[in-house]
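Asker: Let's see this in three dimensions:
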Amino acid sequence: MILIGYPWRLQIEAAAPLFEAEARYFGHLRRKRSDPEVLTDLSTEGGGIRWISETVLELNLAVEQTAPLSPGQVVMDLIRRDLTPAVHLGILLEVPVQWPVTRGDGV
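Answerer: Numbering: from 1, shown residues only. Okay, the predicted model is just below:
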């Protein structure tokens, strides 16, 4: 779950070696698959996707990326863009987005 206005982190673990340390991973965050608007993106270059091991990637959204989100859900998938053509990893995420209880002045 993504809490609006807070940083978010999720580790994805594959059952077999899938992720390479030097690869460049990328993904768009949208309200739904068919939505033309990209809410934000994640990339290894920008620090939003971090290689942990051959079986684990970590996804990160900063406060600035979660603050403009609306309650509901977002979707994203992951590609590897250092290859030509880019390779879809077959990973699709649907993540709920909610207001946190603790928010506003004094936080």
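Asker: Pull up the pairing partners for the strand ranked longest in the chain, direction included.
Answerer: Secondary structure of the chain per DSSP state E: the longest strand is strand 87-98. With DSSP bridges as the test, strand 87-98 is paired with strand 2-3 (parallel), strand 72-80 (antiparallel).
Asker: Can you convert these into TSV and add a column each for distance to residue 66?
Answerer: Where you see a C-beta, it was placed from the backbone N, CA and C, and this is true even at glycine. TSV is the format used below for the strands paired with strand 87-98 (distance: least, CB to CB, whole Å):
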stretch	distance to residue 66
strand 2-3	6
strand 72-80	10
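Asker: Minimum distance to residue 92: which of the ones you listed has it?
Answerer: Relative to residue 92, the nearest member of the strands paired with strand 87-98 by CB to CB is strand 72-80, separated by 4.7 Å.
Asker: in the closest one, what's buried?
Answerer: Neighbour-count burial for strand 72-80 flags 73-80 (criterion: 16 or more other CB atoms under 10 Å).
Asker: hmm, back to that, just how off-centre is the longest strand of the chain within its chain?
Answerer: Chain-centre distance of strand 87-98: 7 Å, with CA atoms, centre = their mean, to the nearest Å.
Asker: Contacts for that strand, please.
Answerer: 1-4, 10, 12, 18, 25, 66, 69-80 (CB atoms under 8 Å, 6 or more residues apart in numbering).
Asker: now for the buried residues of strand 72-80, which pair is the farthest apart?
Answerer: Distance extremes for those: the farthest pair is 73 and 80 at 24.7 Å, using CB to CB.
Asker: CA-only coordinates of stretch 8-15, as PDB, when you get a sec.
Answerer: Output in PDB follows, covering the C-alpha atoms of stretch 8-15 (Å, rounded to 0.1, in the frame of the first residue of the first chain):
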ATOM      1  CA  TRP A   8       7.200   4.000  -0.300                       C
ATOM      2  CA  ARG A   9       9.400   0.900  -0.700                       C
ATOM      3  CA  LEU A  10       8.700  -2.600  -1.900                       C
ATOM      4  CA  GLN A  11      11.100  -5.400  -2.600                       C
ATOM      5  CA  ILE A  12      10.200  -7.800  -5.400                       C
ATOM      6  CA  GLU A  13      11.700 -11.300  -5.100                       C
ATOM      7  CA  ALA A  14      12.000 -13.700  -8.000                       C
ATOM      8  CA  ALA A  15      12.100 -17.500  -7.500                       C
END
